[in-house]
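Chemist: Show me the folded form of this:
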Amino acid sequence: GANGDEPPDGFDTVQEFTEFWVMLRSRMLEIIKHVSFQAPLIAAQAASWHTSQAISQVTGSGELCAAGKVECLSAVEGAAAFMEAAMPTLSDQAAHDPKVANTINNLMQQLLALQWLEPRLVFHYVRILEGFGHFVGKVCPDSGRQLLMRMFDLLEKLPVTTKPIPCADKDETWHNNYTARQKACSGVLGVAKAGANSLVAHLNEFGEQVERLWRTGKLRLMERGALCEAMVMVSVAAGSSQQTMTVLDWVFEQVRSRWTDAAWLQNFASPNTFLARYAGAAAPGVPPVPFAEVTEHQSCLISDCHILERTLRRLPPPGATSASPATSAAPAPADPASLAHAFDAHAPW
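Modeler: Purely as a prediction, here's the structure:
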């Protein structure tokens, strides 16, 4: 039916149709992965065709109108799903084939030239851009910076809300914008994970962009945490422990300043104090703080925990090296000094 409450012909229930469609979609994506591996040029040309068709539909309708049309959003979402399936399964040999590389690079440049800012389109747009991470890591490292700068540009131009709790607001426009910004941050993470080597040379610029966005109020705490995680991944890929420690010093600068402040630590003097300050619970001798007044403090605490967890997850274990996996020689005995962990300098605070 018009409201999606009646099954199409041939199906007894909406649930039956949904299960069939999910299975069909999954099988189609598997076929795309198989073709990408076996016939990479065909897959690259198909990706270019689907994406160009989606761009044409959006351009023909206008960005704002297209975002409200199911067929336009479906076309962009379909192009994103195709890219997500095809690019990771592209073999190294295929990626270096001139015809394949040119097809993919031309498509990437076409996408980078777009200036979409409608949040519902941006969400899928970033999915497509993120798909190029494997390609730039294998073949075209110079384009890694282009992908990064485009996502930073989106973060700068998409509105930043001051509302601290997204679930508390039911406004669809605000929620779409929030989701698009989150996707831009995860897109940076995706490119850093798939093509970290393409960003090593731009690590300083990477940090400058994050700092600029933060200083000008264009980043939320959690968004900054995601970008910092990406920076740590790139610094580890660089293979320099000193560079990694420098990045960690920068990443933890704000966190360290809070957790070495006596007034901040007083909030954790006892379980009762913590509950009173952060949960509004009454405790003997500690006046409860209304929920609305501590939202910022709660956000800081959650963000600090997340950034610590994200960073520790991305750091290599003590003594790990960045040597090529192809090296078959037995490792030399480890120097005790090399067993120090990059996080050791921050453990005391």
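Chemist: isn't I128 right up against A80?
Modeler: Yes - because the distance of 5.0 Å satisfies CB atoms under 8 Å, I128 is recorded as touching A80. Heads up, the C-betas are built off the backbone N, CA and C, glycines and all.
Chemist: Looking at these two, which is more packed in?
Modeler: Applying other CB atoms under 10 Å to I128 and A80 shows that I128 carries more neighbours, namely 27 against 22.
Chemist: Okay, buried residues for stretch 231-250 please.
Modeler: Going by neighbour count (16 or more other CB atoms under 10 Å), the buried part of stretch 231-250 is 231-238, 241, 243-245, 247-248.
Chemist: Stretch 132-142 now?
Modeler: Neighbour-count burial for stretch 132-142 flags 132-141 (criterion: 16+ other CB under 10 Å).
Chemist: how about low-confidence regions in the stretch 151-300 of the chain?
Modeler: Low-confidence segments of the stretch 151-300 of the chain, defined by pLDDT under 70: 162-170, 280-295.
Chemist: Do a quick rundown of the helices in it.
Modeler: 172-194, 203-215, 221-238, 241-251, 253-259, 262-265, 271-279, 291-314 (DSSP state H, counting those that start in this stretch).
Chemist: So P8, which state does it fall into?
Modeler: Three-state assignment for P8 (DSSP: H, G, I helix; E, B strand; the rest coil): coil.
Chemist: can I assume it is in contact with F17?
Modeler: Yes - P8 is in contact with F17 according to CB under 8 Å; the separation is 5.8 Å.
Chemist: Who has more neighbours out of those two?
Modeler: Shown here are P8 and F17; by other CB under 10 Å, F17 has more neighbours (17 against 11).
Chemist: need the contact list for that one.
Modeler: For F17, the contact set (CB atoms under 8 Å, 6 or more residues apart in numbering) comprises 7-8, 11.
Chemist: what about the stretch 1-150 of the chain, any weak spots by pLDDT?
Modeler: For the stretch 1-150 of the chain, applying pLDDT under 70 flags the ranges 1-5.
Chemist: do that again at 80, thanks
Modeler: 1-7, 9 (pLDDT under 80).
Chemist: For it, which segments are assigned as helices?
Modeler: Using DSSP H, counting those that start in this stretch, the helices found in the stretch 1-150 of the chain span residues 14-38, 40-61, 63-67, 70-86, 92-95, 98-112, 119-131, 133-138, 143-157.
Chemist: Tabulate those helices (JSON lines), appending distance to Q298.
Modeler: Shown next, in JSON lines, are the helices of the stretch 1-150 of the chain (distance: least, CB to CB, whole Å):
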{"stretch": "helix 14-38", "distance to Q298": "37"}
{"stretch": "helix 40-61", "distance to Q298": "39"}
{"stretch": "helix 63-67", "distance to Q298": "33"}
{"stretch": "helix 70-86", "distance to Q298": "34"}
{"stretch": "helix 92-95", "distance to Q298": "45"}
{"stretch": "helix 98-112", "distance to Q298": "38"}
{"stretch": "helix 119-131", "distance to Q298": "26"}
{"stretch": "helix 133-138", "distance to Q298": "33"}
{"stretch": "helix 143-157", "distance to Q298": "23"}
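Chemist: quick one: which of the ones you listed is nearest N177?
Modeler: helix 119-131 (4.7 Å; CB to CB).
Chemist: what is the orientation angle of the closest one with helix 143-157?
Modeler: Angle between the axes of helix 119-131 and helix 143-157 is 160 degrees (criterion: axes from the mean of the first three to the mean of the last three CA atoms, to 10 degrees).
Chemist: Which one of the buried residues of stretch 132-142 is nearest to P316?
Modeler: Among these, G137 lies closest to P316 (CB to CB), at 18.3 Å.
Chemist: Grab the nearest non-local neighbour of the closest one.
Modeler: Spatially, and ignoring its direct neighbours in sequence, G137 is nearest to G195 (2.9 Å; CB to CB, 6 or more residues apart in numbering).
Chemist: Give me the neighbour count for that neighbour.
Modeler: G195 is flanked by 25 other residues according to other CB under 10 Å.
Chemist: and L114, what is it in contact with?
Modeler: 55, 125.
Chemist: scratch that, A85 is what I was asking about
Modeler: Counting by CB under 8 Å, 6+ apart, A85 makes contact with 29-30, 32-33, 36.
Chemist: likewise Q57?
Modeler: 66, 71-72, 75-76.
Chemist: how does it look with 6 Å?
Modeler: Q57 makes contacts with 72, 75, as judged by CB atoms under 6 Å, 6 or more residues apart in numbering.
Chemist: Let's have the contacts of F17 in a markdown table, adding distance to Q45.
Modeler: Converted to a markdown table, these look like this (distance: CB to CB, whole Å):
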| residue | distance to Q45 |
| --- | --- |
| P7 | 36 |
| P8 | 32 |
| F11 | 34 |
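Chemist: Just the closest of those to L275, please.
Modeler: Of the contacts of F17, the one sitting nearest to L275 (CB to CB) turns out to be P7, at 50.4 Å.
Chemist: right, and that closest one touches V14 too?
Modeler: Yes - using CB atoms under 6 Å, P7 is in contact with V14, at 5.0 Å.
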